[in-house]
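Asks: One predicted model, sequence on top.
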Amino acid sequence: MREKGRRTGFSITTLDGKKGVLAHRNIKSRFKVGKYGVSLHDIEHIAVPSMTPSEPDEVVVVDEVGKMECFSSLFRQTLVKVLDAHHPLIGSIAQKGDKFIEKIKARDDVLVVPVTENNRDSPEFFARLLSMIH
């Protein structure tokens with residue numbers, strides 16, 4: 001989220017078009033990352049429901065598993081539930097994180113593929129990623 005070219009916050013947008021605020025400089029919250037207050041309400045009422053698959057083989061997309069999202073215990077519980085149910089999941093996860101993030105990356109059923117400036121816009125890279133979940 002930007003105002004006059006300066007970052008003021010971070011938004012939530014689901015694949016079905018729901019929108020919310022992940023964090024913003026004007027949010028007063030006991031959960032903060034730097035100058036941004038985190039909106040647990042929008043994480044739990046917009047992001048989390050979008051993580052719950054409605055079909056048995058539905059691909060779940062989570063961008064991202066980071067410090068702000070992990071303030072929500074419901075977010076963490078839902079992520080583990082989806083992974084335990086063996087739904088195909090594509091997501092991004094913080095390079096460095098707390099014990100929860102490290103446990104997710106260490107799971108036997110999780111493959112961490114580094115995204116770099118060199119590969120992040122490559123159609124071949126994304127085709128390879130998609131082939132890994134089938």
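Replies: Structure's in. What do you need? Numbering: from 1, shown residues only.
Asks: longest helix anywhere in the protein?
Replies: Longest helix in the chain, counting residues (DSSP state H): helix 73-84.
Asks: Check which helices and strands that helix sits against.
Replies: The helices and strands touching helix 73-84, judged by 3 or more C-beta pairs under 8 Å, 6 or more residues apart in numbering; DSSP states H and E, are helix 48-50, strand 60-65, helix 99-106. For glycine as for every other residue, the C-beta is placed from the backbone atoms N, C-alpha and C.
Asks: Next, format the ones you listed as TSV and append mean pLDDT.
Replies: Shown next, in TSV, are the helices and strands packed on helix 73-84 (pLDDT from 0 to 100):
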stretch	mean pLDDT
helix 48-50	96
strand 60-65	92
helix 99-106	96
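Asks: Adding mean neighbour count and distance to Leu22 as columns, could you present the ones you listed in TSV?
Replies: Output for the helices and strands packed on helix 73-84, formatted as TSV (neighbours: other C-beta atoms under 10 Å; distance: least, C-beta to C-beta, whole Å):
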stretch	mean neighbour count	distance to Leu22
helix 48-50	16	12
strand 60-65	17	10
helix 99-106	14	16
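Asks: and of those, who's closest to Arg120?
Replies: Smallest distance to Arg120 across the helices and strands packed on helix 73-84 (C-beta to C-beta): 12.5 Å, for strand 60-65.
Asks: Next secondary structure element downstream of that closest one?
Replies: Going down the chain from strand 60-65, the next helix or strand is helix 67-70, by DSSP states H and E.
Asks: Alpha carbons only: can I get the helix or strand of the chain with the lowest mean pLDDT in PDB?
Replies: Using mean pLDDT, DSSP states H and E, the weakest-scoring helix or strand in the chain turns out to be helix 123-132, at a mean of 81. The C-alpha coordinates for helix 123-132 follow below in PDB (Å, rounded to 0.1, in the frame of the first residue of the first chain):
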ATOM      1  CA  PRO A 123       8.000 -18.700 -17.200                       C
ATOM      2  CA  GLU A 124      10.200 -21.800 -17.200                       C
ATOM      3  CA  PHE A 125      10.700 -21.400 -13.400                       C
ATOM      4  CA  PHE A 126       7.000 -21.300 -12.800                       C
ATOM      5  CA  ALA A 127       6.300 -24.100 -15.200                       C
ATOM      6  CA  ARG A 128       8.800 -26.200 -13.200                       C
ATOM      7  CA  LEU A 129       7.100 -25.200  -9.900                       C
ATOM      8  CA  LEU A 130       3.700 -26.200 -11.200                       C
ATOM      9  CA  SER A 131       5.000 -29.500 -12.400                       C
ATOM     10  CA  MET A 132       6.200 -30.300  -8.900                       C
END
